[in-house]
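Chemist: need a 3D model of the sequence below.
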Amino acid sequence: MARLHAQIERLITAAGLESTFIRPGMFNSNARLWWAPTIRDGGVIRWPHGAAETAPIDERDLAAVAARTLFGEGHSGGDYVLTGPESLSQAEQVAVIGDVLGRQIPFEELSPDEFRRATEGMWPGPAVEMLLDAWGATVGCPAYVTSTVADVVGAPARTFRQWVSEHADAFRKAPAK
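Modeler: Now for the predicted structure:
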């Protein structure tokens, strides 16, 4: 994925177009996509590389930076790496969701092969491999955290806990009708 993005950026630069590159990391909303159905059902989060750390970003912070760079002065030629404000392991992210919901959410480590089997037919193989490679490379290392959101927008990036608190209903079991 990084090679593809780099190639596209080289083509844009070679075309001589006025541009600004924005490179966000992991999105907070991935938690809803990946884990919310299991959490709503009261199940165990079965996931690889629980110790892999990321600095997930709130999509609203990404949008705020994009809007500022599109409509504000002085951003042409900019190259912005966007992260959330904290490094959290995947298991810690699940724990934060549980804390916000007021209950413990079990986390079970999957091997990469078990994850491949679990996602087979549902996720594109290259995406699974990209994620496994990225997560595997970060185990034991804190995620890279930038101040770009605050630097560009003038307000700190939202934390993962803030995002979960604002989206907690996505992780709660629907009331019986």
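
Chemist: where in the chain is pLDDT low?
Modeler: 1-2, 175-177 (pLDDT under 70).

Chemist: hmm, try it at 50
Modeler: The chain contains no residues with pLDDT under 50.

Chemist: tell me where it has helices.
Modeler: 2-14, 30-40, 59-71, 90-101, 112-119, 125-138, 148-153, 160-166 (DSSP state H).

Chemist: among those helices, which is nearest residue 84?
Modeler: helix 160-166 (6.1 Å; Cβ to Cβ). (C-beta placed from N, C-alpha, C; glycine too.)

Chemist: mind listing what's buried in that closest one?
Modeler: Using 16 or more other Cβ atoms under 10 Å as the test for burial, helix 160-166 gives 160, 163, 164.

Chemist: can you name every helix or strand that it contacts?
Modeler: helix 90-101 (3 or more Cβ pairs under 8 Å, 6 or more residues apart in numbering; DSSP states H and E).

Chemist: which ones are touching the residue nearest to residue 42 when sequence neighbours are not counted?
Modeler: In space, and not counting its chain neighbours, residue 42 is closest to residue 173: 7.2 Å by Cβ to Cβ, 6 or more residues apart in numbering. For residue 173, the contact set (Cβ atoms under 8 Å, 6 or more residues apart in numbering) comprises 40, 41, 42.

Chemist: most neighbours among the residues you listed, please name it.
Modeler: residue 40 (15 neighbours; other Cβ atoms under 10 Å).

Chemist: nearest residue to that residue other than its sequence neighbours?
Modeler: residue 173 (5.1 Å).

Chemist: equivalent analysis for residue 20, please.
Modeler: Going by Cβ to Cβ, 6+ apart, residue 20 has residue 78 as its nearest residue, at 4.3 Å.
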